[in-house]
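A.B. asks: predicted model and sequence below, questions to follow.
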Amino acid sequence: MATRSRGRPAQSAVSDDELLEAVLQSFGENGYDGASVREIARRLEVSHNLIPQRFGAKEKLWYAAVDHGYGRLIHDLRREAETLGSDEVLILRGLISSFIRINAQYPSLLQIINQEASQPGPRLDYLFATYIKPIRDFGDAWLSRLADEGRIKPVSVTLMYFLMTHGAGGIFALPALTKRLGKSDKKTSKLSLEEQAENVVSLFFDGLLPR
């Protein structure tokens with residue numbers, strides 16, 4: 001009877017979440033064209049047939065991984081929102097800080113957006129219609145209401161989006177560049193994710209508050 005090699009996990013022992021997390025990281029690091037199902041299988045020490053058996057071809061795998069990543073992000077943000085009280089300005093500030101920190105922990109989504117947003121295509125269409133536009137529309141309504149009430153300065157939601165994702169998020173989504181830029185910045189490199197997120201929020205969110 002064939003036996004499984006020592007140290008290699010049983011195929012059934014690898015959960016869908018583990019598979020999709022490895023897939024998400026691979027697409028984030030290597031891009032759609034550069035990601036390989038065989039490389040992902042080697043990373044998880046499973047048969048390369050296991051991944052397509054569960055999720056289908058590479059195209060379907062990309063969509064499943066993106067849904068997994070955004071599902072976790074939305075779940076974590078909703079959970080943290082419940083701890084932020086009832087003041088909408090403080091909730092907004094806390095969610096921006098949480099968004100930056102969560103993406104710092106799991107930068108694959110920002111890396112994928114950076115890759116897919118460079119040119120039009122069906123994968124960008126999906127990201128925009130399913131996740132980016134609903135988040136943008138929600139943020140636009142929130143920011144507009146708070147500005148109308150005089151609680152924050154008027155601000156473009158598009159600018160806020162890019163500051164949060166490609167500005168603050170770039171530190172974590174572009175590790176090779178961040179490493180080079182940060183070689184002489186020993187003080188910043190020692191900060192925790194929470195401290196870095198708070199520094200970013202202090203730099204651009206507090207500037208929204210009326211004097």
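C.D. replies: Happy to help now that I have it. Computed from a prediction, not measured in an experiment: that's the story for all the values here.

A.B. asks: pLDDT below threshold where in this structure?
C.D. replies: 1-12, 182-194, 196-197, 204-205, 211 (pLDDT under 70).

A.B. asks: break it down into its structural domains.
C.D. replies: 8-66, 84-208 (automatic domain parsing).

A.B. asks: ok now the shortest one, how far from the chain's centre?
C.D. replies: Looking back up the chat, that one is domain 8-66. 18 Å (C-alpha atoms, centre = their mean, to the nearest Å).

A.B. asks: likewise for stretch 47-67?
C.D. replies: That offset, for stretch 47-67, works out to 19 Å (C-alpha atoms, centre = their mean).

A.B. asks: select the longest helix from the protein.
C.D. replies: helix 58-81 (DSSP state H).

A.B. asks: just checking, what packs against that helix?
C.D. replies: The helices and strands touching helix 58-81, judged by 3 or more C-beta pairs under 8 Å, 6 or more residues apart in numbering; DSSP states H and E, are helix 16-34, helix 50-55, helix 88-105, helix 108-116, helix 122-127. Quick note: C-beta positions are derived from backbone N, CA and C, even for glycine.

A.B. asks: between those helices, which gets nearest to H166?
C.D. replies: helix 108-116 (7.2 Å; C-beta to C-beta).

A.B. asks: distance from the chain centre to that closest one, please.
C.D. replies: With C-alpha atoms, centre = their mean, you get 8 Å for helix 108-116.

A.B. asks: elements contacting that helix?
C.D. replies: Against helix 108-116 (3+ C-beta pairs under 8 Å, 6+ apart) you get helix 16-34, helix 58-81, helix 122-127, helix 170-173.
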